[in-house]
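A.B. asks: Here is the input, now give the coordinates:
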Amino acid sequence: MNELRKTTITTLEVAEMMETEHSKIIRKLEGSKDRKGFIQILAEAQMGVSDYFIPSSYKDSSGKENKCYQVTKLGCDFLANKSTGEKGVIFTARYVKRFYEMEHRKTEKIYETKATSLGEVASFNKEMDKRMEKQGSAPWKICEAFKMVSEQFGIRLPEDFVKVPEYEQMKLSLM
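C.D. replies: Below you'll find the model as predicted:
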C-alpha cells in the first residue's frame, strides 16, 4: 500500500478540479457537527485512512498555515465515486489526466549530477551535434536532441529553446 502514497495531489488542487471551495472539500473529509466525514467513517471501519487522505498543511498568501490533505489516487477515486453529474465526470477526467501525467513524468530517467559531470554532458552534446550536422540534420532537430539530453540530466532549458521554422510546421490538407 506504500506505493499508493507516493503520488498525491492536495485538496486545494482537488477543489480547483471540482470547481468548488476548498472548505467544502475539507468539510466532506472531516465532517461537521451533524454528520460524519469520510475520514471518520473510514477510520471507524479500520480502512487505513492514509491510503486515501494524508493530513498536511499549506501557507496562504498572508503566511498563515492552513489545513489541507494530500489525496492519493485511491482518494481521488473515492471522491469521484461520491460525486455525481457533470461535475463528477469532469473531476474524474481531470484527476485521471493529472495522475497519468505525474506517473509518466516519474518514469523519465533523470540522472544524478554526481554520477555524470556537467562536462561529460557537454562533451556528449558536442559530439552529438557534430554527428547530426554531418548527417545534414536541421538546426531545430539538433536543438531538440540537445534539449532532450539536457533534460535527462536535470538541466532545464527554456520552452522556446527549440524553434521550428514556420515552413516545417505547415500542413497540407487534402480536399
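A.B. asks: From here on, just use CA atoms for contacts and neighbour counts.
C.D. replies: Fine.
A.B. asks: Neighbours of Pro165, how many?
C.D. replies: Residues near Pro165, counting by other Cα atoms under 10 Å, number 11.
A.B. asks: all strands in the chain, in order from the N-terminus.
C.D. replies: Ranges of strands within the chain are 8-10, 31-32, 35-36, 53-59, 65-72, based on DSSP state E.
A.B. asks: Just want the angle from the last one to strand 53-59.
C.D. replies: Angular relation of strand 65-72 and strand 53-59 on a 0 to 180 degree scale: 140 degrees, by axes from the mean of the first three to the mean of the last three Cα atoms, to 10 degrees.
A.B. asks: Tell me which of the strands of the chain sits nearest to Arg156.
C.D. replies: For those, distance to Arg156 was read as Cα to Cα. The smallest value, 23.4 Å, belongs to strand 8-10.
A.B. asks: ok, and what's touching that closest one?
C.D. replies: Cys68, Tyr69, Gln70, Val71, Thr72, Lys73 (Cα atoms under 8 Å, 6 or more residues apart in numbering).
A.B. asks: partner strands of that strand, parallel or antiparallel?
C.D. replies: Each strand pairing with strand 8-10, determined using DSSP bridges, is listed with its direction: strand 65-72 (antiparallel).
A.B. asks: Lovely, talk soon.
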